[in-house]
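Novice: please find the sequence and the predicted model below.
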Amino acid sequence: MEFIVKKDSILRRIFLFIIPLALLMIFIVFPFLWTLLSSIKSQSELFKLTYWPQSPTFQNYINLFQASDFLLCLRNSFIVAFSTMLVTLVITLLGAYAFSRYRFKGKQFFLTMFLTINMFPSVLLLVPLFSIMRNLHILYTPLALILAYATFTIPFSIWMLTGFLNDLPGALEEAAMVDGCNRRSAFLRIILPIAVPGIVATGVYIFINAWNEYTYAVMFTNVDSRTIPVMLKLLVGEFNIDWGLLTAGGIITVLPICVMFVFVQKSLIQGLTAGAVKG
Amino acid sequence: MKKKINFAPYLLIAPAVVFMLLVVAYPAINSILMSFQNYNLTKPQQRGFIGLTNYITAFHDPLFYQSLINTLIWVIFGVGFQFLFGFILALILNRDFRGRGFIRSAALIPWVTPGVLIGLMWTWMYDGNYGVINDLLHKVGLINTFIPFLSDANAALPCVIITLVWQGIPFFAIMILAALQGVPGELYEAADVDGCPAHTKLFKITIPSIKNTIFVTTLLRIIWVANSIDIIFSMTNGGPGFSSMTLSVYAFKKAYGTLDFGYASTLSILLTLLLMIVAVFYLRNFFKSADEQ
């Protein structure tokens, strides 16, 4: 009897756990693995459909950094993503503090407003933003992208940061204020330091979104201000595509994101899920 | 005595609200105005209000209807399979096993990968001459000759949907995983005492307990998927012909490709209205079922 139960549970484990997990993971990981392997193959090997590279080479990476304007685009992407992150964090920290620490008329209205803004398609804002930026003479500058990205980074950042601040006990500041701190110094000295993990996670999420964005980037940039996704798409010619160069570019693009993501994964997930699960 | 109004919170939220008025509300109103205009950047002298002409054009535009149908297929199958596989992955990751942390990190990477890059990676895998998918299918014996998947009008839309599913599994997996971890363990213990089989536990305990999360995440995802442009744009550009054109890609191509801002605005407003109808329908049912409890 005991034997049957055990055998049954091993079979169950294989069919309900190991096989689905393995299939899903192969599906998820394989495209990255294939991109990585393609990027270290020589031109001739790419078109022979070998699986494991026979003579691995970094030539594609060398070509990438030498030939095209890859470094310029990398720099542009960093400037845009980093500035978007800074601007958004400063603006939304103030707002999130108000939402989590004050009761005021219209609070629910404003919070709902920030939630509904997420629903606006970027194509809806794309056209008018293009005209506005042209009239302001900031089209094709990093500033245009930073402003355009605020349309989606500010709403989700408000929600994430409000969630993080709500989890911090209000008693801490109250104690500080009893001890003679005013609200501002209580915020700067008490709340800000313990909110760091949440703020970093939100910042990374903003950075990733700005780094990956394509639709606004392709409209609002030119040769000098182009970001990485725009450049990757441009590597695709009408008739021939240099897949070695492209896969190498892809690996370089996703690398900084992966590194940052792994560091803040835990608090990022906590912040993202809090809103959806509680709300 | 009159209650004193505290202005501090309003001052604190002011920067964010002002920003949203400038970069969202003002452009959105502008977009509505543009949809009633003949506004093509290549024909500036013809600019002017033309009433509902753009909307009438849309309702007589066969491409509008095809994009609408493609959008529905794209959203229903894309979000449906993302949810299904995300849910399965979440159920698996909810168990305790060695290497879980590593697998969870690895499974999340598609979610932080740029959409354009995802499109290009899959284009390379779908390639009709040197694509690995063709090679694998050929080796397994499912196909005799290589198929140029993305230039086949019947295969293009299903192929981009597979890519979309790949991108969206992690989001559902983490959201549902977080919700699963909040389901009290006593419920399952009680069910075990009563001798409930696994599938009963799944449908009677697990799914009802995480209903809110399922509602919220699918709604969010429907909106994102309907609005997404980069995957289709970088893989098929809406083609071949118009077989993989969705409304958002169509509007984007009108704005970016032909600089017909008036018609592009009309199309994106129609898309927004469609999403609002879905959202209202969704939320109404959500609140109705929440009231019943």
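Specialist: Great, that's in hand. Numbering: from 1, shown residues only, chains lettered A, B, ... in the order given.
Novice: for the rest of this, base every contact and every neighbour count on C-alpha atoms.
Specialist: OK.
Novice: so the nearest residue to B:G239 once chain neighbours are set aside, which of the three states?
Specialist: What sits nearest to B:G239 in space, not counting adjacent residues and going by Cα to Cα, 6 or more residues apart in numbering or on different chains, is B:M245, at 6.5 Å. Following DSSP: H, G, I helix; E, B strand; the rest coil, the label given to B:M245 is coil.
Novice: contact partners for B:M245?
Specialist: B:Q66, B:S67, B:N70, B:T71, B:I232, B:N237, B:G238, B:G239 (Cα atoms under 8 Å, 6 or more residues apart in numbering or on different chains).
Novice: can you tell me how far the first one is from chain A?
Specialist: This means B:Q66. From B:Q66 across to chain A, the span is 18 Å (Cα to the nearest Cα, to the nearest Å).
Novice: tell me, how many residues neighbour that residue?
Specialist: 17 (other Cα atoms under 10 Å in any protein chain shown).
Novice: state the pLDDT value of it.
Specialist: Per-residue pLDDT puts B:Q66 at 93.
Novice: give me the residue at the spatial middle of the chain.
Specialist: I'll assume chain A. Taking Cα atoms, centre = their mean, the centroid of chain A lies closest to A:I208, which sits 2.2 Å from it.
Novice: wrong one, I was asking about chain B
Specialist: B:V225 (1.4 Å).
Novice: give me the element B:S105 is part of.
Specialist: For B:S105, the host element (DSSP states H and E) is helix B:100-108.
Novice: so which strand or helix has the residue lying closest to A:N63 once chain neighbours are set aside?
Specialist: Leaving aside its sequence neighbours, A:N63 sits nearest to A:L245 (Cα to Cα, 6+ apart; 7.1 Å). According to DSSP H and E, A:L245 maps onto helix A:243-278.
Novice: buried set for that helix?
Specialist: A:243-251, A:253-254, A:257-258, A:261, A:264-265, A:267-268, A:270-277 (16 or more other Cα atoms under 10 Å in any protein chain shown).
Novice: direction-wise, compare that helix with helix B:100-108 and give the angle.
Specialist: Angle of helix A:243-278 versus helix B:100-108, following axes from the mean of the first three to the mean of the last three Cα atoms, to 10 degrees, is 110 degrees.
Novice: what's the average pLDDT for helix A:243-278?
Specialist: Mean pLDDT, computed over helix A:243-278, is 80.
Novice: contacting residues around residue 235?
Specialist: Because you didn't say which chain, this covers chain A. Counting by Cα under 8 Å, 6+ apart, A:L235 has contacts A:I241, A:D242, A:L246.
Novice: chain B is the one I meant
Specialist: B:G119, B:L120, B:W122, B:T123, B:L150, B:V160.
Novice: and the residues you listed, which is closest to A:G237?
Specialist: B:L120 (12.1 Å; Cα to Cα).
Novice: from A:L234, how far off is that closest one?
Specialist: B:L120 sits 11 Å away from A:L234, going by Cα to Cα, to the nearest Å.
Novice: tell me which of those two has more neighbours.
Specialist: B:L120 (22 against 13).
Novice: name the helices or strands packed onto the helix or strand where B:L273 lies?
Specialist: Applying DSSP H and E as the criterion places B:L273 in helix B:261-292. Under the contact criterion of 3 or more Cα pairs under 8 Å, 6 or more residues apart in numbering or on different chains; DSSP states H and E, helix B:261-292 touches helix A:122-135, helix B:26-35, strand B:37-38, helix B:53-59, helix B:211-227, helix B:247-256.
Novice: that older thread, what are the phi and psi values at the residue nearest to B:G239?
Specialist: Dihedral angles of B:M245 (phi, psi; degrees, to the nearest 10) stand at phi -80, psi 120.
Novice: the nearest residue to A:C73 once chain neighbours are set aside: how many residues sit nearby?
Specialist: Distances taken as Cα to Cα, 6+ apart place A:T227 nearest to A:C73, at 4.8 Å, with adjacent residues excluded. Residues contacting A:T227 under the criterion other Cα under 10 Å number 31.
Novice: how about the helices of the stretch 101-250 of chain A, start to end?
Specialist: Taking DSSP state H, counting those that start in this stretch, the helices of the stretch 101-250 of chain A run over residues A:107-117, A:122-135, A:142-166, A:171-178, A:183-186, A:192-194, A:196-212, A:215-220, A:228-234, A:243-278.
Novice: of the ones you listed, give the one that comes closest to B:S31.
Specialist: Proximity to B:S31 (Cα to Cα) singles out helix A:122-135 among these, at 5.8 Å.
Novice: about what we covered before: could you give the mean pLDDT of the helix holding B:L273?
Specialist: Rounded mean pLDDT across helix B:261-292 is 83.
Novice: rewinding a little: can the contacts of B:M245 go into TSV with extra columns for secondary structure?
Specialist: Converted to TSV, these look like this (three-state DSSP):
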residue	secondary structure
B:Q66	helix
B:S67	helix
B:N70	helix
B:T71	helix
B:I232	helix
B:N237	coil
B:G238	coil
B:G239	coil
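Novice: let me know the closest of the residues you listed to A:R189.
Specialist: Closest to A:R189, out of all of these and judged by Cα to Cα, is B:I232, at 47.9 Å.
Novice: could I get the contacting residues of the closest one?
Specialist: Contacts of B:I232 (Cα under 8 Å, 6+ apart): B:G119, B:V160, B:G238, B:S244, B:M245, B:V249.
Novice: per-residue confidence for it?
Specialist: Residue-level pLDDT assigned to B:I232 equals 94.
Novice: equivalent analysis for B:L89, please.
Specialist: Value for B:L89, per-residue pLDDT: 91.
Novice: what does the stretch 151-293 of chain B put close to chain A?
Specialist: B:166, B:174-175, B:178-179, B:212-213, B:216-217, B:220, B:223-224, B:227, B:229-230, B:234, B:248, B:251-252, B:255-256, B:261, B:264-265, B:268-269, B:271-272, B:275 (Cα under 8 Å from any Cα of the partner chain).
Novice: and the buried ones among those residues, selectable in PyMOL?
Specialist: Only the buried entries of these go into this PyMOL selection, using 16+ other Cα under 10 Å:
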select buried, chain B and resi 166+174+175+178+179+212+213+216+217+223+224+227+229+230+234+248+251+252+255+256+261+264+265+268+269+271+272+275
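Novice: and the residue of the stretch 1-150 of chain A closest to chain B?
Specialist: At 4.1 Å from chain B, A:G95 is the closest residue in the stretch 1-150 of chain A, using Cα to the nearest Cα.
Novice: what helix or strand is the residue nearest to that residue when sequence neighbours are not counted located in?
Specialist: Sequence neighbours aside, B:I13 is the residue nearest to A:G95 in space, at 4.1 Å (criterion: Cα to Cα, 6+ apart). B:I13 belongs to helix B:8-20 when assigned by DSSP H and E.
Novice: which residue is the nearest non-sequential neighbour of A:I257?
Specialist: Excluding the flanking residues, the one nearest A:I257 by Cα to Cα, 6+ apart is A:I208, at 6.4 Å.
Novice: separation between the one you found and A:A248?
Specialist: 19 Å.
Novice: that older thread, in the contacts of B:M245, which residue is surrounded by the most others?
Specialist: B:I232 (26 neighbours).
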